[in-house]
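1. sharing a model that was predicted from the sequence below.
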Amino acid sequence: MPAITDVRPAVVIDDVTMVYTVTSTGSDAEDQVSGPRRVLRKALGRPPIVNNQALTDVRLLIEQGEFVGFIGRNGSGKSTLMNIVAGQMNATRGRVWAVDRPAKLGVNVALVPALSGDRNIRLGCLAQGMNPRQVDEVFDDLVEIAALGKALHWPMKAYSSGMAARLRFAVATATNPHVLILDEALSTGDAQFQARGQARMHEIRENAGCVLFVSHSMSEIRQLCTRVVWLDDGEVVMDGDTDEVVDRYDEYMKMLAAGNLLSARSYRDERAAEYQPPTWVGAHR
């Protein structure tokens with residue numbers, strides 16, 4: 001990974017750690033609670049509060065024009081990291097810099113369920129700072145991307161989850177955002193929508209924006225991404241060439257599926273030991 005002075009950074013994730021506090025009814029949770037607190041909580045009949053470390057010292061540099069895929073098992077920290085980059089939550093430790101406010105699908109677009117799809121397109125575009133003339137120029141393209149058919153004129157509250165996701169995707173990508181975050185955004189659509197959505201994301205990348213893409217579909221990852229980050233248990237295992245990282249991840253998942261848990265753990269740890277995080281002034285890893 002090159003030094004930060006040699007690239008055009010779009011997003012810099014600097015040693016981000018995220019720890020949640022949660023309640024647990026498991027007996028092993030008692031070990032994380034100090035003696036006096038354990039006695040008091042038992043006396044009051046309350047379950048212990050324990051720490052869940054969702055991310056640990058994640059350090060990544062994403063350049064302008066990159067399309068970076070994030071893969072990993074459920075609970076590996078992918079969505080937590082996306083929420084932190086989007087500004088939805090604050091990291092317990094570490095910082096995130098971005099060239100512009102990241103646009104996370106469905107988060108930055110304030111749509112109104114009682115309004116029709118076409119009115120929501122206009123409202124969402126205006127809310128992102130576009131003027132009426134700019135909205136008119138992109139309106140037909142957004143209608144095509146959303147692929148709602150006659151439902152375009154129905155109230156959004158009558159939409160299926162897939163229809164609503166397509167509408168949010170169309171509006172979120174209307175302004176060519178510098179940083180676009182997509183968390184399983186294409187999985188709710190049919191083949192036609194996926195093709196249109198992929199074409200739109202290529203346009204964003206060509207305009208020097210960057211895309212952070214979370215998906216469990218390895219075919220989508222292979223087709224779209226210029227680079228892939230593999231997360232597991234909140235840590236970066238690999239970061240690099242799309243085919244290489246996906247191949248290693250597939251091998252890991254096959255071991256897990258076959259019940260070879262010790263071999264899988266050893267394989268994952270070997271890949272993590274080979275990983276070299278990006279370096280810049282102030283790095284302490």
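-> Cool, got the structure. Numbers count the residues shown, from 1 in each chain.
2. quick one, strands of the stretch 151-285 of the chain?
-> 179-183, 210-214, 227-232, 235-240 (DSSP state E, counting those that start in this stretch).
3. likewise for the stretch 1-150 of the chain?
-> Using DSSP E, counting those that start in this stretch, the strands of the stretch 1-150 of the chain run over residues 9-23, 49-63, 67-71, 93-98, 103-104.
4. of all these, which one is nearest residue 178?
-> Proximity to residue 178 (C-beta to C-beta) singles out strand 9-23 among those, at 6.4 Å. Glycine gets a C-beta too; all of them are placed from N, C-alpha and C.
5. looking at this structure, which helix or strand is least sure?
-> helix 35-44 (a mean of 57; mean pLDDT, DSSP states H and E).
6. helices of the chain, start to end?
-> All helices of the chain, identified by DSSP state H, fall at 35-44, 78-86, 117-127, 132-146, 161-172, 191-206, 218-224, 242-257, 261-274.
7. tell me which of those helices sits nearest to residue 60.
-> With C-beta to C-beta, the closest approach to residue 60 among those belongs to helix 78-86: 8.7 Å.
8. packing partners for that closest one?
-> Other elements packing on helix 78-86 under the criterion 3 or more C-beta pairs under 8 Å, 6 or more residues apart in numbering; DSSP states H and E are strand 9-23, strand 49-63, strand 67-71, strand 93-98, strand 103-104, strand 179-183, strand 210-214.
9. hmm, who's touching the last one?
-> Put plainly, it is strand 210-214. With contact meaning C-beta atoms under 8 Å, 6 or more residues apart in numbering, strand 210-214 is reached by 10-11, 62-71, 78-79, 82, 85, 102, 178-185, 201, 204-205, 220-221, 224-225.
10. next one: it to chain centre, how far?
-> Centroid displacement of strand 210-214 relative to its chain, using C-alpha atoms, centre = their mean, to the nearest Å, is 7 Å.
11. same thing with the first one?
-> Remark: strand 9-23 is offset 12 Å from the chain centroid, using C-alpha atoms, centre = their mean.
12. strands paired with that strand, and their directions?
-> Next to strand 9-23 in the sheet, as set by DSSP bridges, lie strand 49-63 (antiparallel), strand 93-98 (antiparallel).
13. how many residues are close by residue 81?
-> Counted with other C-beta atoms under 10 Å, residues neighbouring residue 81 total 29.
14. now swap in residue 136 and tell me
-> 12.
15. where does it land on pLDDT?
-> With respect to pLDDT, residue 136 scores 95.
16. any idea how far it is from residue 121?
-> 11 Å (C-beta to C-beta, to the nearest Å).
17. could you dump the strands of the stretch 1-150 of the chain to TSV with mean pLDDT, distance to residue 116 and mean neighbour count?
-> Below are those laid out as TSV (pLDDT from 0 to 100; distance: least, C-beta to C-beta, whole Å; neighbours: other C-beta atoms under 10 Å):
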stretch	mean pLDDT	distance to residue 116	mean neighbour count
strand 9-23	90	35	17
strand 49-63	90	36	19
strand 67-71	96	32	25
strand 93-98	95	33	16
strand 103-104	82	23	24
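18. residue 169: which of those strands is closest?
-> Between residue 169 and the strands of the stretch 1-150 of the chain, the shortest gap by C-beta to C-beta is with strand 103-104, which sits at 10.8 Å.
19. tell me the strands beside the closest one, with direction?
-> Strand pairing for strand 103-104, using DSSP bridges, gives strand 179-183 (parallel).
20. with just CA atoms, put the partner strand into CSV.
-> Provided in CSV are the C-alpha atoms of strand 179-183 (Å, rounded to 0.1, in the frame of the first residue of the first chain):
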residue,chain,number,x,y,z
VAL,A,179,-18.1,9.2,-1.7
LEU,A,180,-21.0,6.8,-2.2
ILE,A,181,-21.6,4.0,0.3
LEU,A,182,-23.8,1.1,-0.8
ASP,A,183,-24.6,-1.6,1.8
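21. state the mean pLDDT of that strand.
-> Strand 179-183 carries an average pLDDT of 86.
22. which other residues reach that strand?
-> Contacts of strand 179-183 (C-beta under 8 Å, 6+ apart): 10-11, 78-79, 82, 85-86, 98-105, 169, 172-173, 201, 204, 209-214.
23. what's the angle from it to helix 161-172?
-> On the basis of axes from the mean of the first three to the mean of the last three C-alpha atoms, to 10 degrees, strand 179-183 is oriented at 170 degrees to helix 161-172.
24. tell me the buried residues in strand 179-183?
-> Under the neighbour-count criterion of 16 or more other C-beta atoms under 10 Å, strand 179-183 has 179-183 buried.
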